[in-house]
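Colleague: predicted model and sequence follow; I will ask about them next.
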Amino acid sequence: MKVYLDNNATTMLDPNAYELMLPFLKDMYGNPNSLHQYGSTTHPALREALDKLYAGLGANDLDDIVVTSCATESINWVLKGVYFDHILDKERNEVIISSVEHPAVTAAAYFLKSLGVKVIELPVNEEGVSTVEDLRKVISDKTALVSVMWANNETGMIFDIKAMAELAHEFGALFHTDATQAVGKIKVNLTQVGVDFASFSAHKFHGPKGVGGLFIKKGLKLTPLLHGGEHMGGRRSGTLNVPYIVAMGEALRIANTMLDFEDSHIRRLRDKLEDQILALPDTTVVGKREHRVPNTILASIKGVEGEAMLWDLNKNGIAASTGSACASEALESNPIMEAIGAEHDLAHTALRLSLSRFNTEEEIDYAAKQIKNATQRLRAISCTYAYNPNNYK
């Protein structure tokens, strides 16, 4: 049996979204900026797709949702655009991020640090969450931007971005959220939470890879990251990827119709798998279930290296991860485990399991059995656990 439990890394393309994009790959292939009928025939589908994005994200008609290649591009655009618009040669010179942001945010912020920007990282509590109180301790009238994720890609923990955005605005700062792991898993209404910018990727909610977007609140200037044309109202240059945009809009529409199913059925399967992991001795899971998106588990299994567990699971047809796929080639300790204060050895034992609406009960039962078998085998040969389990450090 094959079981895919790495849906926070990427998801399968929804079959309906796939079918909807096909005509624009083969028959309706015109450049939408061309004046002839090959270009203009794509316009109705593009308008419909963008309408789905606005509705699905709770955006106002006067806001901008700009199609990008992915959330990483969107994030880089926000941080570097804010630098040019609000920091360079101006009084504000601080950017605040949480200490558990996706590498795209962290790397972009530290690029700004190399240009002289002061970067402040918010600590997290034992559940891996930064709070509005943490933000209040460090924000000042020198802060230009606060960037805090909506839901963490490794733990699934949800951050109170509404309260944090309100606090940022009290100090005249802009607020960006990386909404990549929230969209399609929980209700997202960008107007209600009051953020200035929000980034997302289609492939996290069963859309295609290579397309995403950036929400920009009405009236806000943001210097373009890409120059070379008047596409997307002059916000972003580059020929529009019509089939992918069409599929992204449909994938988001479907994902939002499935939110109740996500919160009931997928949450139940997630909890069932989590219960069976926690039934193993010396195991923990980061964060309370009710504070997480419905599909995610970040477990620590003492005495079992995360990479060794992945090897065993992969051999038995199960796809999982030890953390962010964007940092998976660096076999270092899990940064989330380190951020919450886990001991160094435990920071190497992280196992992330992330479900989707396409997972079945049979798959979850099989995965739980294989995780148990792998734990027993790997602990039996562990020099730190097999011979000294009671005093394991």
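Modeller: Looks like it came in fine.
Colleague: where does pLDDT dip in the protein?
Modeller: 323-347, 386-393 (pLDDT under 70).
Colleague: show me the domain layout of this protein.
Modeller: Each domain of the chain is listed here as a residue range: 3-10+259-391, 15-256, per automatic domain parsing.
Colleague: just name the most buried of those domains.
Modeller: Neighbour counts (mean count of other C-beta atoms under 10 Å) averaged over each of the domains of the chain peak at domain 15-256, with a mean of 20. All C-beta spots, glycine's among them, are computed from the backbone N, C-alpha and C.
Colleague: what about that one, how long is it end to end?
Modeller: Counting by C-alpha to C-alpha, to the nearest Å, you get 16 Å between the two ends of domain 15-256.
Colleague: i'd like the first residue to be 15 from this point on
Modeller: Done: numbering now begins at 15, and the last item shifts to domain 29-270.
Colleague: and it, how far from the chain's centre?
Modeller: Distance, stretch centre to chain centre, for domain 29-270: 11 Å (C-alpha atoms, centre = their mean, to the nearest Å).
Colleague: and what of stretch 22-42?
Modeller: 20 Å.
Colleague: which outside residues touch that stretch?
Modeller: 18, 52, 55-56, 59, 167-168, 170, 195, 217-223, 256-258, 260-262, 264-265, 268, 309-310, 335, 338-339, 366, 368, 370, 372 (C-beta atoms under 8 Å, 6 or more residues apart in numbering).
Colleague: again with stretch 71-84
Modeller: Counting by C-beta under 8 Å, 6+ apart, residues outside stretch 71-84 touching it are 64, 67-68, 88, 91, 197, 202-206, 212-215, 217, 223-233, 246-247, 249-250, 254-255, 259, 262, 266.
Colleague: so which of these belong to helices?
Modeller: Those of the contacts of stretch 71-84 mapping onto helices are 64, 67-68, 88, 91, 204-206, 259, 262, 266, per DSSP state H.
Colleague: I'd like those residues as a markdown table, with distance to Asp77 appended.
Modeller: Output for the ones in helices among the contacts of stretch 71-84, formatted as a markdown table (distance: C-beta to C-beta, whole Å):
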| residue | distance to Asp77 |
| --- | --- |
| Leu64 | 11 |
| Leu67 | 11 |
| Tyr68 | 8 |
| Ser88 | 14 |
| Trp91 | 16 |
| Leu204 | 7 |
| Thr205 | 8 |
| Gln206 | 13 |
| Ile259 | 17 |
| Met262 | 17 |
| Leu266 | 16 |
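Colleague: among the residues you listed, give me the pair with the biggest separation.
Modeller: By the measure C-beta to C-beta, Gln206 and Ile259 form the most distant pair in the ones in helices among the contacts of stretch 71-84, at 24.9 Å.
Colleague: how long is stretch 152-161 end to end?
Modeller: Across stretch 152-161, first to last residue, C-alpha to C-alpha, it's 13 Å.
Colleague: helix or strand for Asn30, which one?
Modeller: Per DSSP states H and E, Asn30 falls inside helix 29-35.
Colleague: wait, I meant Leu365
Modeller: strand 364-368.
Colleague: excluding its backbone neighbours, what's nearest Ser48?
Modeller: Leaving out its chain neighbours, the residue that sits closest to Ser48 by C-beta to C-beta, 6 or more residues apart in numbering is Ser54, at 7.8 Å.
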